[in-house]
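give me the fold of what follows.
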Amino acid sequence: MKKILLSLALLAATGSSFAAPEIYVIDPTHTFPVFEYNHFGLSKQKHGFDKTSGQIVLDREARTASVDVVIDAKSVNTGIPVFNGHLQDEDFFDTAKYDSIRFKSTRVKFEGDQPVAVEGELTLKGVTKPVTLTITHFTAQQHPMMKKDAVGANATATIKRSDFNMGKFAPYVSDEITLYLAVEAIKP
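Modelled structure (predicted):
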C-alpha cells in the first residue's frame, strides 16, 4: 500500500511540473512587419506596416507553439503618403477589398526548446499560400519594465508577389520580396 501511495504521489508531482501552453498577446508598438524588394536594379527598398495584432501560444517543454499575426494592410508605410496610397491600389494590396494580411501557423519546428521555423499560411490579397518563416532570433524572459513574461523573435521569409496577384512591374521591380518580422508579445 505504501508503494502505491508513493507511486501516486510521485506521479502527481511529476504531472504538476509539466508546463501548459502559455498565451502571449502581440505588442503592436514593438512588432514591425517589413518587406524588401529590388527597385529597377538601383536599390533595395524597405517598407513596413504600422498596425499589427495577434497572439503566440507557446509550450517550450512540449515543444509546441502556434502563431497568428494580422497586419492592417491600410497601415502600409513608405514614409511618403502618396506612395502609401499607390501601394493600397488594386495593383498591389487592394486595401478597398482586402484590408488585412494574415499569417497563421500550421506547425512550429523546434531545436531543443527553441523554435527555429514557423510553417504556415499567408493570406494576402485574398490568396492563401504556404510560407515558412525562419526564426533568426528568439528570446523568452520577463519583460524588464512590465514585469510580465514576454517573448520576442525575428523571422524572415521570401515570397513572390505574383503568387498573390501583385506582380505589377515585375521583373523591373523584383517579383521576389523578402519579408522580415520583428515581434514582441506579452502574457496578459
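
which secondary element of this protein has the worst mean pLDDT?
Among the helices and strands of the chain, helix 2-16 carries the lowest confidence by mean pLDDT, DSSP states H and E, at a mean of 43.

got the CA positions of the next helix or strand after that one in CSV?
Counting by DSSP states H and E, the element after helix 2-16 in chain order, helix or strand, is strand 22-26. Once side chains and other backbone atoms are set aside, the C-alpha atoms of strand 22-26 remain, and they are given as CSV (Å, rounded to 0.1, in the frame of the first residue of the first chain):
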residue,chain,number,x,y,z
GLU,A,22,1.1,30.0,-22.5
ILE,A,23,-0.7,32.7,-24.5
TYR,A,24,1.2,35.9,-25.4
VAL,A,25,-0.5,38.9,-27.0
ILE,A,26,1.4,40.7,-29.7
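
could I get the buried residue list for strand 22-26?
24, 26 (16 or more other C-beta atoms under 10 Å). For every residue, glycine as well, the C-beta is placed using N, CA and C.

that strand: partners in the sheet, and parallel or antiparallel?
Applying DSSP bridges, strand 22-26 is found paired with strand 52-59 (antiparallel), strand 176-186 (antiparallel).

partner strands of the helix or strand following the shortest one, with direction?
To tie it back to what came earlier, the one meant is strand 52-59. Scanning the chain past strand 52-59 towards its C-terminal end, the next helix or strand to appear is strand 64-72 (assignment: DSSP H and E). Note on strand 64-72: by DSSP bridges, its sheet partners are strand 52-59 (antiparallel), strand 100-111 (antiparallel).

my read: residue 117 touches residue 105, true?
No - proximity of residue 117 to residue 105 does not meet the contact threshold set by C-beta atoms under 8 Å, at 9.9 Å.

comparing the two, which residue is more hemmed in?
The residue with more neighbours, out of residue 117 and residue 105 and counting by other C-beta atoms under 10 Å, is residue 105; that gives 21 against 17.

touching the longest strand along the chain from outside, list them.
For the chain, the longest strand by residue count, based on DSSP state E, is strand 127-142. Residues outside strand 127-142 that contact it (C-beta atoms under 8 Å, 6 or more residues apart in numbering): 58, 60, 103, 106, 114-122, 148-157, 159, 163-165, 179, 181.

check those residues for burial and list the buried ones.
Under a neighbour-count criterion of 16+ other C-beta under 10 Å, the subset of the contacts of strand 127-142 counted as buried comprises 58, 60, 103, 115, 117-118, 120, 122, 149-155, 157, 159, 163-165, 179, 181.

where does the prediction get shaky in this structure?
With pLDDT under 70 as the threshold, the chain has low-confidence stretches at 1-19.

and with 90 instead?
Low-confidence segments of the chain, defined by pLDDT under 90: 1-20, 60, 113.
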